[in-house]
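Q: Sequence and predicted model, in that order:
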Amino acid sequence: MIKGNLESLFGKLKPYTELRLQENRNTILALMDGNLVRNEKTTTSGVSARSFNNGYWGFASDPEVNDTTINRVLEVSEKNAAFLATKGGEIQEVHKSEQVSQSHDFSTTKERWSQDETIEFLKTVDAYISTSYPDLKSRMLYLNCLDMEKNLITSDCSSSYLYWPRTVLYIMMTLENEGVPCEMMQSFGGRGQLEDNFSTVDSIKTEIDQLYIELSKKNVGVIPTAGTHDVILDADLAGILAHEALGHTVEADLVRNGSIAGDYMNKKVASELITLVDFAHTYNGDLLPVPLFIDDEGIESKDALIIEKGILKTFMHNRDSAVEFDMDNTGNARAWEYSDEPLIRMRNTCILPGDSKLEDMIASIENGYYFTKTSNGQADTTGEFMFGVSGGYEIKNGKLGKAIKDTTISGKAFDVLSSVTMVSDDMKWSAGGMCGKKQPIPTGMGGPAIKCKINVGGQ
Amino acid sequence: MDYKKILEYSLNTMKQMGAEKAQSELIVTEKQELNTESNKVKLFRSNENITLKLKFIKDKKQGTMTLNKISEEAIDAGIKELVNIAAASPEDVAYDIAPKSEDTFIIGVKEPDFDKVFDNLHEFTLDMKTKFAKISGDAILSYDKHVRYMMNTNDLYLIENLGYYDFNIMFAAKDGDKITSFNYTGAAMTDLNKKLTEVGMIDGLLEQTILELDAKSIGEKFVGEVIITPHCLTDLLHVYAGIALQDRSLITDVSVLKDKLGEQVASPMFTWHANPRTVNVGQAITSDGFVAEDMPIIQNGVLKNHMLSQYGAKKTGRERSKNHSDRYVVEPGTITLEDMIKDVKKGILLCRFSGGHPSADGNFAGVAKNSFLIENGEIRYPINETMISGNLFKIFKDIKNISLKTVDFGASVLPWIHTDNATISGK
């Protein structure tokens, strides 16, 4: 919708300036116990400009896109930067970067589903759940289809066009045990439009059945014992560990604000079994959930090898921080909407797989837990993190035991990563994540199962 | 621009396209925002936006569409798609729009003093450099304005004109190799007469954060008392409302408070209001088009109101709430904060809760961040790597005291709450 020849505007951009056209299209459908409680489509689009002046930034945006508004946002962004520069009085050179140009369109080549067909798909999934599992107290299906389309040029004569769609279906089930509700949720889908993620209900029946089985066990499960335990974090939790526990601490803006990682460059922060990367777009030849080729500052996105065999190697950067830290710019600057300025954000963050088998990892624990599902997570400048755990099992004498109720796990990133003694030889990616940091942004995360020591909340 | 004509045009177009009921909401927003980085005002951001929300109901089927374009061409295209969205919806008799109403509300600051925005933020950066040199963080001060115009086919026409200053800061302390957990706070204001360090008790949090440089683990597990600070209380009240009082938990019938109206659900000391009309930075129109009214949620421990929208009310057969906003006011108690601390035998001052979202049963577990150990009536030391678990509903039943002092965050006013029976476990 916003693809066009912006290059003709290069001449209007004074060094250094970015001009970005962006449209986010969001379709949301929510079925709550069969009732369609949300049936919405939102389109947000417009143009923004960001200008640099002696170390200060000015930004302006307008929802209308035409010659007049483009000129206006360029003028206001320059004026805003100049206003701060006048107050500050410092001199800082204009950031320069290599001229790059790329165009990527990940929209489907299949015939698009109509609204009728989309709702019918949801109703069929809902009918399968309600018919198969009549003892459910409640069920909720939430479908979020996001199409994000960006067209960027910079005064370095760089240009980028990216059409990135993501489709996520969240299914939440609730059972009751003696009047006490017990919930479990799972997300399906990922990069791509609806038609590329779902074909028929049959394609997700097995996972729906598994979700119900796990919920049934959790409904009669036990509350974990509070304290430090040997645990296995399955792929979903290893992914959030990579993102929350460590990823945020190595975002250069958080390092500037005192993150613990600032004192550990080129030092050992994890077990030698741990290699952690924020991939730009591709891993092992496969396109990742959130592929970024040129970031929203017109910089070519590169993989950020954050931890290599336990040693901290780099931070994630934008233009300002790469200059400030005198490090390579990894191209991590991303903006959520047209009216947002780019911030340092993760893309596809994961721990790389090792060579252990999951069954051997479980067998190696005498008394601990196997955590399989997570609800949310939060990072900290100290590296101290917490995740909500919404699914898992006790491990007793090397065997899986009773399911557990909701709990929270926590620890210090470097301590937990240093306690890793086994890493599984497989890995999974998830694309349903939404990271919050002034603006929301979709992120990809992944990992193998890892064995470590961690603090468990509970009784 | 004549926004009323745009609303009339969109409603007429929806009616021509077959709508039996239709509602249009136009929100015109303006933001002037300054951001600091390393105690320097680094970014000046000016945004204008316009949002048109359209609701279309025909044959008991409903769809909604949100655009940020208002040309007739864009509205026509949006409504054409909206008709198809609504047609694909299942029938539901609970879909509806608000009844006839006409009013205009003006809240807060009409014309911003932008020089003062810069001056106050600049002064704040100087204070940070001189008085709080061990603190690093990024602050944002903005002037935000919106005018909401809402019109529907029941002859409703409401206007809400709101302008306010919004200050937010995220920060941590660092001294040599010692660092603290980050903390964050903010406040909305209708004037800039106070120094930014003084709004929302920010100076107290900054001073406290420096003390946290010497945090240590409790090193034991016990069931004890908790003093919940106003900053932390904000988050807990949001969770409470979400899992027990609002549409989703009541429509799906999983709320443990679904049949508790008029019953004692919390301590008699606890009175909690949703007051969008009387807080400083309030809200006059609900998201579904009703004039918002203040209401008690829990009064002296008795559940007085759920927080249901028009749809939630029709769906559950319950009464629509006078608002479903988060403009929370908790009534103060009679005890000073100092005396409240003196009453604690063993427990923690819980300043931030970082935990998994509690499920409908109210059980929670998470990390007690930026918090302090209290023993024998005295704050002993700042703590880290300490988890807290318990039950949210029980926390509010077990209240021992509520502070006389409150913190005004602009959109909410909250005290400290002393409660009991939380499991606290150190490393």
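A: All right, it came through fine.

Q: C-alpha from now on. contacts and neighbour counts both.
A: OK.

Q: before we move on, which element is the residue lying closest to B:Leu337 once chain neighbours are set aside in?
A: Closest residue to B:Leu337 apart from its sequence neighbours, by CA to CA, 6 or more residues apart in numbering or on different chains: B:Ser403 at 5.8 Å. Element membership for B:Ser403, per DSSP states H and E: strand B:401-408.

Q: Going by proximity to chain B, name the top residue of chain A.
A: Of all residues in chain A, A:Gly388 sits closest to chain B, at 3.8 Å by CA to the nearest CA.

Q: How about the residues of the stretch 151-300 of chain A by chain B?
A: Residues of the stretch 151-300 of chain A found near chain B, taking CA under 8 Å from any CA of the partner chain as the criterion, are A:180-183, A:226-228, A:256-260, A:263.

Q: Between the residues you listed, which sits nearest B:Lys397?
A: Top of the list for closeness to B:Lys397, among those and by CA to CA, is A:Val180 at 17.9 Å.

Q: neighbours around the residue nearest to that closest one when sequence neighbours are not counted, how many?
A: Distances taken as CA to CA, 6+ apart put B:Asp361 closest to A:Val180, at 5.9 Å, once the chain neighbours are dropped. Using other CA atoms under 10 Å in any protein chain shown, B:Asp361 is surrounded by 20 other residues.

Q: got it, and B:Leu158?
A: 22.

Q: List the buried residues for the helix or strand where it lies?
A: Here B:Leu158, judged by DSSP H and E, is contained in strand B:157-175. Buried residues in strand B:157-175, defined by neighbour count with 16 or more other CA atoms under 10 Å in any protein chain shown: B:157-169, B:171-174.

Q: Give me the longest helix you can find in the chain.
A: This is for chain A. Secondary structure of chain A per DSSP state H: the longest helix is helix A:67-88.

Q: wait, chain B
A: Longest helix in chain B, counting by DSSP H: helix B:114-131.

Q: The next helix or strand after that helix: partners in the sheet, and parallel or antiparallel?
A: Moving toward the C-terminus from helix B:114-131, the next helix or strand (DSSP H and E) is strand B:135-152. With DSSP bridges as the test, strand B:135-152 is paired with strand B:21-37 (antiparallel), strand B:157-175 (antiparallel).

Q: I'd like those written out as TSV, with distance to A:Gly88 and mean pLDDT added.
A: Converted to TSV, the strands paired with strand B:135-152 look like this (distance: least, CA to CA, whole Å; pLDDT from 0 to 100):
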stretch	distance to A:Gly88	mean pLDDT
strand B:21-37	12	97
strand B:157-175	21	96
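
Q: per-residue pLDDT, B:Lys400?
A: On the pLDDT scale, B:Lys400 is placed at 97.

Q: what's the answer for A:Thr381, then?
A: Looking at A:Thr381, the pLDDT reads 87.

Q: Make sure it is actually in contact with B:Thr180.
A: Yes - with contact defined as CA atoms under 8 Å, A:Thr381 reaches B:Thr180; the gap is 7.2 Å.

Q: ok, what's across the strand from A:Val222?
A: For A:Val222, the beta-bridge partners under DSSP bridges are A:Ile404.

Q: dump the residue contacts of it.
A: Shown in contact with A:Val222 (CA atoms under 8 Å, 6 or more residues apart in numbering or on different chains): A:402-405.

Q: need the helices for the stretch 51-200 of chain A, in chain order.
A: Here the stretch 51-200 of chain A has its helices, by DSSP state H, counting those that start in this stretch, at A:67-88, A:115-132, A:194-197.

Q: do the stretch 251-400 of chain A as well
A: With DSSP H, counting those that start in this stretch as the criterion, the stretch 251-400 of chain A has helices spanning A:252-256, A:319-325, A:358-363.

Q: Which one, of those helices, ends up nearest to B:Leu373?
A: Of the helices of the stretch 251-400 of chain A, nearest to B:Leu373 by CA to CA is helix A:252-256, at 27.5 Å.

Q: And the contacts of that closest one?
A: By CA under 8 Å, 6+ apart, the residues outside helix A:252-256 that reach it are A:248-249, A:261-262, A:315-318, A:321, A:344, A:381, B:38.

Q: what's the spacing between B:Leu26 and chain A?
A: Computed as CA to the nearest CA, to the nearest Å, the B:Leu26 to chain A distance reads 14 Å.

Q: Run through the residues of the stretch 201-350 of chain B sitting next to chain A.
A: Checking the stretch 201-350 of chain B against chain A by CA under 8 Å from any CA, the hits are B:248, B:251-254, B:256.

Q: got those residues as JSON lines, with secondary structure columns?
A: Putting those into JSON lines (DSSP: H, G, I helix; E, B strand; the rest coil) gives the following:
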{"residue": "B:Arg248", "secondary structure": "helix"}
{"residue": "B:Ile251", "secondary structure": "helix"}
{"residue": "B:Thr252", "secondary structure": "coil"}
{"residue": "B:Asp253", "secondary structure": "coil"}
{"residue": "B:Val254", "secondary structure": "coil"}
{"residue": "B:Val256", "secondary structure": "coil"}
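
Q: How far off centre is stretch B:193-200?
A: Relative to its chain's centre, stretch B:193-200 lies at 20 Å (CA atoms, centre = their mean, to the nearest Å).

Q: List the buried residues for it?
A: Neighbour counts over stretch B:193-200 (16+ other CA under 10 Å) mark B:196-197, B:199-200 as buried.

Q: now stretch A:160-168
A: A:160-168.

Q: Could you list the residues in contact with that stretch?
A: A:3, A:100-107, A:143-153, A:187-194, A:197, A:290, A:294, A:298, A:431-432.

Q: Just to check, B:Tyr311 is in contact with B:Val93?
A: No - the criterion here is CA under 8 Å, and B:Tyr311 misses it with B:Val93 at 9.4 Å.
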